[in-house]
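Asker: whatever this is, show me its structure:
(one chain, ligands or ions: 1)
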Amino acid sequence: MNKDVLILDKEFISFVIIDDVPFDYRDLSDSSLRSTINAFHKVTNLSSQIDIIFRKKYIDQRVYTERLLNRIQNLRIIIENDPSNAKAKNEIEILQSILTRLEQGEKPFSYQIALLVHGKSEQEAKSLAEILIRGLGSLNIKSRLATEKEIRDIILLSRCKCRKEGLPSQIPFLTPFSIEKMPKPDKWSEGIYIGRDLEKGIPIFWNIESSENPHLLIIGPTGSGKTELLLSLGQLIALNYGIPVIFFDVKGDIKSRLIKNGYNFKIINPFLHSLNLSKLTYVSSSVKPLFLEKVIGFSFKLSREERAIIYSVLNRYLRINDSSISWRDLISDEEVWERYPLRRALEVISLFDTGGPFILDSIVNGLNVIDLTQIKDESLRRFIIYTVISELYVKYSDIVDQGIRLALIVDEAWTILKDEDEYGIVGDLVKRGRGHGISLLMATQNVQDLGENADVFMGNVGVLCFMNNGDKEYWRSIVKRYSNILDSDVEDKLTFMGRGEMLIRFLGDPRPILVQHNPLTRGSLQD
Ligand SMILES: Nc1ncnc2c1ncn2[C@@H]1O[C@H](COP(=O)(O)OP(=O)(O)OP(=O)(O)O)[C@@H](O)[C@H]1O
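Answerer: Below you'll find the predicted structure:
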């Protein structure tokens, strides 16, 4: 046997193990069940032999139940010693729901699912298996090549390695097995508290550190509770990690609600601080023209031609004066002077570049609010947010993979997202995911607010929160693209959610959770 392929006479067989089928037959309507069965058989139709092995092994129900009860007992002791252990509390809830199903007559068993793909050559067997894994992935079924040991165990049928345990009601449409409808617990059992599962009451957390991508996006109509959720998450991040959490306050409600709840925070007024664009302390000389062209171009919505001009003028200027920029000199440059949008942009920049301490030096660990309420012009607001985000991004690029080091929170995110193109500043931060330790939390009313990059944001952020919304079409045509929901869920549950209630989708697992968030007040932290 080669590492991945078993060679038997003239046959070559590769082994695919199914790890997770994240839905069961009750999640699907009649017609989608039919089309999913068809899709499964299409995916497994590889013009070659394929054996589907579904092994089911008897478990003694008495022993199994005893094991569950023992585990629950141990968890209770753990919780008595450490009442804040949310992971243990979650596990108890899950074990209790399994006990309830056993009481309702379901018989437990353990199982393993393997697909044996036959090919005429080693290469063919392996590439067919890879095609199969990709195809199953498109049905949200997680699979992988078996390890050498697993292959040996599958061949020796008597040594059944049925590691997973389950109940008959979980058996889905395609013989392979399905597990609980909840996403995997590692996605939601630890981290920053979001709220309670609406159906089971289990606390749900956002595990920023282990999430595939440390960013979070909230979408919901006016009054649905987006700002309250951002406030809670920001406060909890500051408490948990002791890192700087920066709110960009456009409407003034962040500031007023923090004051109302008695939280300590630092207000940063951009009029009293310098954005330091003439020096760009953290940006290396060679990338300064590009950095400035991007920030100025996106903030003031300059055309491609105008951006090219500003880049070449800056490039020329910085080659001669590499220490600091005089905006006056640049404004009087002939190419800039002739074009009003460029002139205006540079005049605005010079206004925010003089006097006061450098804005980044004023940021402290804990809550910071950059107060944008006195700035009514949209392009000016965008300019300040883009500049601060871009400068922080460069500042934090020096160390990678050191965990979460900074959180940026943007309510009314359409201000900065609507006109971003594929090379946009925020889009870039979201696509890069982990690494620099920056977590971005954003809220906006519609998916359309995300502009051209909607798919980049929706597909890449670690946590998507769809707040309560009475519009059925919204659930059916938008939310359904990003998480597994049924038409019947839309009719029965989703359109009836109340304030602070939402559907959450964690990246990498299409099974959503319905969560109730309660605003954090000073007293609630002491409970
Ligand atoms: N989970 C909740 N439970 C009870 N009341 C809530 C909850 N969340 C928000 N509220 C209240 O509902 C009102 C609207 O909430 P919030 O301002 O957070 O909504 P929003 O989605 O940010 O609205 P907008 O888009 O208009 O800013 C506020 O008075 C807030 O205190």
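Asker: going by C-alpha atoms from here, please, whenever you check contacts or count neighbours.
Answerer: Fine.
Asker: show the end-to-end separation of stretch 258-271, please.
Answerer: 21 Å (CA to CA, to the nearest Å).
Asker: so for that stretch, what gets flagged as buried?
Answerer: 258, 265, 266, 267, 268, 270, 271 (16 or more other CA atoms under 10 Å).
Asker: so for that stretch, mean pLDDT?
Answerer: Stretch 258-271 comes out with an average pLDDT of 90.
Asker: which residues sit against it?
Answerer: Contact with stretch 258-271 is made by 231, 352, 359, 362-364, 366-372, 384, 521-522, as judged by CA atoms under 8 Å, 6 or more residues apart in numbering.
Asker: next secondary structure after the helix or strand hosting residue 16?
Answerer: Assigned by DSSP states H and E, residue 16 belongs to strand 11-20. Heading C-terminal from strand 11-20, the first helix or strand you meet, by DSSP H and E, is helix 30-43.
Asker: alpha carbons of that next one, as CSV, please.
Answerer: Extracted in CSV, the C-alpha atoms of helix 30-43 (Å, rounded to 0.1, in the frame of the first residue of the first chain):
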residue,chain,number,x,y,z
ASP,A,30,-39.5,17.7,0.5
SER,A,31,-38.3,19.2,-2.7
SER,A,32,-34.9,20.2,-1.4
LEU,A,33,-34.5,16.7,0.1
ARG,A,34,-35.1,15.3,-3.3
SER,A,35,-32.6,17.6,-5.0
THR,A,36,-30.0,17.0,-2.4
ILE,A,37,-30.3,13.3,-2.9
ASN,A,38,-29.8,13.9,-6.6
ALA,A,39,-26.9,16.1,-6.0
PHE,A,40,-25.2,13.5,-3.7
HIS,A,41,-25.5,10.9,-6.4
LYS,A,42,-24.2,13.2,-9.1
VAL,A,43,-21.2,14.0,-7.0
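Asker: which helices and strands does that helix pack with?
Answerer: If contacts are counted by 3 or more CA pairs under 8 Å, 6 or more residues apart in numbering; DSSP states H and E, helix 30-43 sits against helix 122-138.
Asker: buried stuff in the helix it packs on?
Answerer: 122, 124, 125, 126, 128, 129, 130, 132, 133, 134, 135, 136.
Asker: average pLDDT for the very next helix or strand once past that helix?
Answerer: On the C-terminal side of helix 122-138, the closest following helix or strand by DSSP H and E is strand 142-145. Across strand 142-145, pLDDT averages out at 90.
Asker: rewinding a little: and of the contacts of stretch 258-271, the nearest to residue 514?
Answerer: Of all these, residue 514 sits closest to residue 231, with 19.6 Å by CA to CA.
Asker: hang on, the earlier thing: sitting in helices, which of the buried residues of stretch 258-271 do you find?
Answerer: residue 258 (DSSP state H).
Asker: check residue 433 and give its pLDDT.
Answerer: Value for residue 433, per-residue pLDDT: 63.
Asker: re the thing from before, note down every partner strand of the strand holding residue 16 and its orientation.
Answerer: Strand 11-20 sits in its sheet next to strand 5-8 (antiparallel), strand 109-119 (antiparallel), strand 142-145 (antiparallel), going by DSSP bridges.
Asker: so residue 466, which state does it fall into?
Answerer: Secondary structure for residue 466, judged by DSSP: H, G, I helix; E, B strand; the rest coil, is strand.
Asker: wait, it sits on residue 503?
Answerer: Yes. Look at residue 466 against residue 503 with CA atoms under 8 Å: they come within range, at 5.1 Å.
Asker: who has more neighbours, these two?
Answerer: residue 466 (24 against 21; other CA atoms under 10 Å).
Asker: OK, contacts around that one?
Answerer: Contacts for residue 466 (CA under 8 Å, 6+ apart) come out as 218, 219, 220, 479, 502, 503, 504.
Asker: still on that earlier bit, between the buried residues of helix 122-138, which sits nearest the ligand?
Answerer: The ligand lies nearest to residue 136 out of those, by CA to the nearest ligand atom, at 37.4 Å.
Asker: tell me which residue of the stretch 51-200 of the chain lies closest to the ligand.
Answerer: Residue of the stretch 51-200 of the chain nearest the ligand, by CA to the nearest ligand atom: residue 195 (9.0 Å).
Asker: my error: substitute the stretch 351-500 of the chain in the last question.
Answerer: Minimum separation of the stretch 351-500 of the chain from the ligand (CA to the nearest ligand atom) falls at residue 500, amounting to 3.3 Å.
Asker: mind listing what that residue touches?
Answerer: By CA under 8 Å, 6+ apart, the neighbours of residue 500 are 224, 225, 226, 229, 467, 468, 516, 517, 518.
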